[in-house]
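A.B. asks: Got a predicted model here, sequence first, then my questions.
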2 protein chains.
Amino acid sequence: MDKHSTREAGRPPGMTDVARVAGVSAQTVSRALAGHPNVQEKTRAKVLAAVEQLGYRKNNAARVLSSGRSRTIGVVTLQTSFYSRTALTHGIERAAQEAGYAVSAATTASLDTSAIESAMLRLADQHVEGMILAVPLIHVSRQIEQLTGAVPTVTVDGSRTSATEVVAVDQSLAARLATRHLLDLGHETVWHVAGPRAWLDASSRSQGWRAVLEAEGRTVPPELEGDWSPESGYRNGLILGRIPDVTAVFVASDEMAFGVIRALHELGRKVPEDISVVGVDDIALAEYCSPSLTTVAQPFAEMGALAVGHLMRHMADPGAALEPASVEPALVVRASTAPARRG
Amino acid sequence: MDKHSTREAGRPPGMTDVARVAGVSAQTVSRALAGHPNVQEKTRAKVLAAVEQLGYRKNNAARVLSSGRSRTIGVVTLQTSFYSRTALTHGIERAAQEAGYAVSAATTASLDTSAIESAMLRLADQHVEGMILAVPLIHVSRQIEQLTGAVPTVTVDGSRTSATEVVAVDQSLAARLATRHLLDLGHETVWHVAGPRAWLDASSRSQGWRAVLEAEGRTVPPELEGDWSPESGYRNGLILGRIPDVTAVFVASDEMAFGVIRALHELGRKVPEDISVVGVDDIALAEYCSPSLTTVAQPFAEMGALAVGHLMRHMADPGAALEPASVEPALVVRASTAPARRG
DNA sequence: CTGGCAGGTGGGAGCGCTATCATCTGGGCA
DNA sequence: TGCCCAGATGATAGCGCTCCCACCTGCCAG
């Protein structure tokens, strides 16, 4: 049990208080607490005891001001509750925490360059030592270029500036896996409900899908576009379900896939008997959809860790340019896909 | 180091640089930028021009150190991607931003008192001016009691300490709405898949459900318990589906409800023809489930705003105790519920 | 026996900003 | 005309910590 603090002063105890109690200098306290090597075990123990006794807590603001180091990284994310963004953020938080860094999040409601700029500026104001841009940055403004020059930055699934490292899931591969899976099942061709064009990962998936069809000499159906929402999937599903040719659909996200399946269901087209559907993300609910959803799982946690790792190395040596890295998604086959009916 | 030299290009411009360029004192710059009333328009304009010219950005650490005010509030959340937590966090972020406060998030992987304590301490280290506990705090430790005494705190859906304000969705009402809806449809009684007992909102829902059944003189079936995951819903669904009596189920979250429906489906029990299911949350996918899910919508964004509003008032006047506030959920009837079959 | 060297420690000097008080201007009023 | 007050500005002193350097022990080699 901890005892009541003996200090009567209104102010919380400072390093000098600890120093006085431990019978050493403030400087030694600083070193002992920072894990500096050149401190005797005995001294360190005394300091720790004093810290315990006083209930001392470091003052972060003072540390930052004095050292210029904040031990904090910033993450810019879009203000949505799409699974992918949430999962990625968690991966980043965990990895950062393990690396001894705090995470400061700045969300932006839109993808306007100016909105992203302002989020980055907010982080810069907090003296973050590095930033992770988890938004599909397409346009790189002068301002952003300048910021990424000043603060080590890693972009996730986005464009790179001259000074930015990029970490990404190989979205093209995700699309190729999904498309090939459907072709392997005997479908003549595969339709595609894409994400918003402004998102880099959406367009990568679109390209991967197209590439496979072209390589196999299949006709490439016109591409439909959603906005990641289940509702947009539903709308596109209502269209697809009215086209007799459609037997296989690759949807750019699980959430949209739910909408597509729902629409097909309402139109009386059975999944997977009449139409096979593949999503992307492998959200927790994918397995519990009816039918359970075949999808391409994205290693979000791994991504977050990778992004943080890259950022750490970039921060340690801003000069050395790192290779862009990518991690590989994996196909998860469930019940929403079936062999094409030979008719 | 020569302190007499003019500013080098290496370091970002400081307030003294702005002062020099504007031809005023650093003090006046501070006042002008803080929107202090006693500054001439002309002077303020000069300062602003100098700021613009130099690209000056305030140093947050120095401001905090000097003034003791951080203009930041902290949010403690559980490290999950359950919809409810994500949505609430967004509500908080938005409201805080509008109030001119930054949000610092501290996630905890577990509900251990010690884990929550450590998250709160991390926030305290960052000199947050207020905290929002968005975790279902059950056990209040001395340490926590002490922290909430030192930093204005608002709890969302949790216990209150002696110094904490509480904001909550009326979860009991949510449960009563769902249960009564099912009874109104003619079901003899309603089964319940609850959330983890450790969560206050889960137990409130359980109580509300039980209260309605008892008030109506119905038999209260044994309660099943999940962990919010779709998978746990599935497991419980496999049990419920094997009990012939079951015709109506109130599930404590949409995500679990998906699992329940899936399991019932596999067992050949039709929803809603054989069994009606109601969830809680109204996640985006609820409408696109098959059948679309009847659920109780929670006003998460409103909650976030309410919590921030409460916190702001509490911060402004820590003395005056505020009323606990609650917002009301609303039933959304979709296709997963139907009248009981008269047999 | 002495110099040197290394690990430990202490003593300032700031980091960039704001709080506090002092100073200086300009009217309004007797 | 003068006095006084209020509004506008400046000077100074820290906020709590970490940096750089000086210092002081020992202990080894020369």
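C.D. replies: Perfect, thanks for sending it.
A.B. asks: how long is stretch A:290-299 end to end?
C.D. replies: Start-to-end span of stretch A:290-299 (Cα to Cα, to the nearest Å) is 24 Å.
A.B. asks: Contacts for that stretch next, please.
C.D. replies: With contact meaning Cβ atoms under 8 Å, 6 or more residues apart in numbering or on different chains, stretch A:290-299 is reached by A:84, A:87, A:169, A:174-175, A:177-178, A:181, A:254, A:257-258, A:261, A:271-272, A:276-283, A:286-287, A:327-337, B:261-262, B:265, B:289-290. Where C-beta positions appear, they are placed from N, C-alpha and C, glycine not excepted.
A.B. asks: separation between A:S172 and A:D254?
C.D. replies: Noted for A:S172: a distance of 18 Å to A:D254, by Cβ to Cβ, to the nearest Å.
A.B. asks: now the residue at minimal distance from the centre of chain A, what's its secondary structure?
C.D. replies: Computing the C-alpha centroid of chain A and ranking residues by Cα atoms, centre = their mean puts A:L88 first, at 3.0 Å. Three-state assignment for A:L88 (DSSP: H, G, I helix; E, B strand; the rest coil): helix.
A.B. asks: ok, now A:T148?
C.D. replies: Look at A:T148: counting by three-state DSSP, its state is helix.
A.B. asks: quick one: which helix or strand includes A:V167?
C.D. replies: Here A:V167 sits within strand A:164-169, counting by DSSP states H and E.
A.B. asks: need the next SSE after that strand, C-terminal direction.
C.D. replies: Taking DSSP H and E as the definition, the helix or strand right after strand A:164-169 is helix A:171-184.
A.B. asks: got the CA coordinates for that next one in CSV?
C.D. replies: Extracted C-alpha coordinates of helix A:171-184, given in CSV (Å, rounded to 0.1, in the frame of the first residue of the first chain):
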residue,chain,number,x,y,z
GLN,A,171,-3.3,-4.5,-53.1
SER,A,172,-2.7,-5.6,-56.6
LEU,A,173,-1.9,-9.0,-55.4
ALA,A,174,-5.0,-9.0,-53.3
ALA,A,175,-7.0,-8.4,-56.4
ARG,A,176,-5.2,-10.9,-58.4
LEU,A,177,-5.7,-13.6,-55.8
ALA,A,178,-9.4,-12.9,-55.7
THR,A,179,-9.9,-12.7,-59.4
ARG,A,180,-7.8,-15.8,-60.1
HIS,A,181,-9.7,-17.7,-57.5
LEU,A,182,-13.0,-16.9,-59.3
LEU,A,183,-11.5,-17.8,-62.7
ASP,A,184,-10.2,-21.0,-61.3
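A.B. asks: what packs against it?
C.D. replies: helix A:200-215, strand A:248-251, strand A:276-281, strand A:294-297, strand A:330-332 (3 or more Cβ pairs under 8 Å, 6 or more residues apart in numbering or on different chains; DSSP states H and E).
A.B. asks: gap between the two ends of stretch A:104-118?
C.D. replies: By Cα to Cα, the extent of stretch A:104-118 from end to end equals 14 Å.
A.B. asks: Same check on stretch A:163-175?
C.D. replies: 29 Å.
A.B. asks: Quickly run through the sheet partners of the strand holding A:V167, with directions.
C.D. replies: strand A:153-156 (parallel), strand A:325-327 (parallel) (DSSP bridges).
A.B. asks: buried sites along stretch A:51-71?
C.D. replies: Neighbour counts over stretch A:51-71 (16 or more other Cβ atoms under 10 Å in any protein chain shown) mark A:51, A:53-54, A:56, A:59-65, A:70-71 as buried.
A.B. asks: Nearest to DNA strand C, out of those: which one, please.
C.D. replies: Nearest to DNA strand C among the buried residues of stretch A:51-71: A:L65, at 4.2 Å, using Cβ to the nearest atom of the strand.
A.B. asks: List the backbone torsions phi and psi for the closest one.
C.D. replies: When read as degrees, to the nearest 10, the backbone of A:L65 gives phi -60, psi -40.
A.B. asks: For it, which non-adjacent residue is spatially closest?
C.D. replies: Distances taken as Cβ to Cβ, 6 or more residues apart in numbering or on different chains place B:A61 nearest to A:L65, at 4.2 Å, with adjacent residues excluded.
A.B. asks: Packing partners of whichever strand or helix holds the one you found?
C.D. replies: If you go by DSSP H and E, B:A61 is part of helix B:60-67. Secondary structure elements in contact with helix B:60-67, counted by 3+ Cβ pairs under 8 Å, 6+ apart, are helix A:60-67.
A.B. asks: neighbouring contacts of stretch A:141-152?
C.D. replies: Outside stretch A:141-152, the residues that touch it by Cβ under 8 Å, 6+ apart are A:113-114, A:116-117, A:120-121, A:123-124, A:128-131, A:137, A:153, A:161-164, A:311, A:314-315, A:318.
A.B. asks: Quick one: name the residues of the stretch 1-150 of chain A near DNA strand C.
C.D. replies: Within the stretch 1-150 of chain A, the positions near DNA strand C by Cβ under 7 Å from any atom of the strand are A:23-28, A:31, A:37-40, A:42-43, A:62, A:65-66.
A.B. asks: Run a quick neighbour tally on A:S206.
C.D. replies: For A:S206, the neighbour count with other Cβ atoms under 10 Å in any protein chain shown is 22.
A.B. asks: can you pull the pLDDT of it?
C.D. replies: The model reports A:S206 with a pLDDT of 97.
A.B. asks: Please apply the same query to A:T161.
C.D. replies: Note on A:T161: pLDDT of 68.
A.B. asks: A:A305 touches A:A96, doesn't it?
C.D. replies: No: using Cβ atoms under 8 Å, A:A305 is not in contact with A:A96; the gap is 9.3 Å.
A.B. asks: who's more crowded, the two?
C.D. replies: The neighbour count for A:A305 versus A:A96, taken as other Cβ under 10 Å, is higher for A:A96 (25 against 20).
A.B. asks: In contact with that one, which residues are there?
C.D. replies: Counted by Cβ under 8 Å, 6+ apart, A:A96 has contacts A:73, A:102-103, A:308.
A.B. asks: so for the strand or helix carrying it, what's the average pLDDT?
C.D. replies: According to DSSP H and E, A:A96 maps onto helix A:83-98. The average pLDDT within helix A:83-98 is 86.
A.B. asks: what angle do that helix and strand A:276-281 make?
C.D. replies: Helix A:83-98 and strand A:276-281 are oriented at 30 degrees to each other (axes from the mean of the first three to the mean of the last three Cα atoms, to 10 degrees).
A.B. asks: strands paired with the next helix-or-strand element following helix A:83-98, and their directions?
C.D. replies: Downstream of helix A:83-98, the first helix or strand assigned by DSSP H and E is strand A:102-108. Looking at strand A:102-108 with DSSP bridges, its partner strands are strand A:72-78 (parallel).
A.B. asks: Tell me the gap between the strand it pairs with and the middle of its chain.
C.D. replies: Relative to its chain's centre, strand A:72-78 lies at 10 Å (Cα atoms, centre = their mean, to the nearest Å).
A.B. asks: Is the helix holding B:A61 in proximity to DNA strand D?
C.D. replies: Yes: Helix B:60-67 lies within reach of DNA strand D by Cβ under 7 Å from any atom of the strand, at B:62, B:65-66.
A.B. asks: now those in CSV, with pLDDT?
C.D. replies: Listed next are the residues of helix B:60-67 next to DNA strand D as CSV, based on pLDDT from 0 to 100:
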residue, pLDDT
B:A62, 91
B:L65, 90
B:S66, 90
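A.B. asks: of those, closest to B:R218?
C.D. replies: B:L65 (62.1 Å; Cβ to Cβ).
A.B. asks: May I have the residues that are in contact with that closest one?
C.D. replies: By Cβ under 8 Å, 6+ apart, the residues touching B:L65 are A:59, A:61-62, A:65.
A.B. asks: what's the neighbour count on the residue of the stretch 151-300 of chain A at minimum distance from DNA strand D?
C.D. replies: Going by Cβ to the nearest atom of the strand, DNA strand D is nearest to A:P152 of the stretch 151-300 of chain A, at 17.9 Å. For A:P152, the tally of surrounding residues (other Cβ under 10 Å) stands at 24.
A.B. asks: picking that back up, comparing the strands paired with strand A:164-169, which stretch has the densest surroundings?
C.D. replies: The highest mean neighbour count among those, using mean count of other Cβ atoms under 10 Å in any protein chain shown, belongs to strand A:153-156: a mean of 29.
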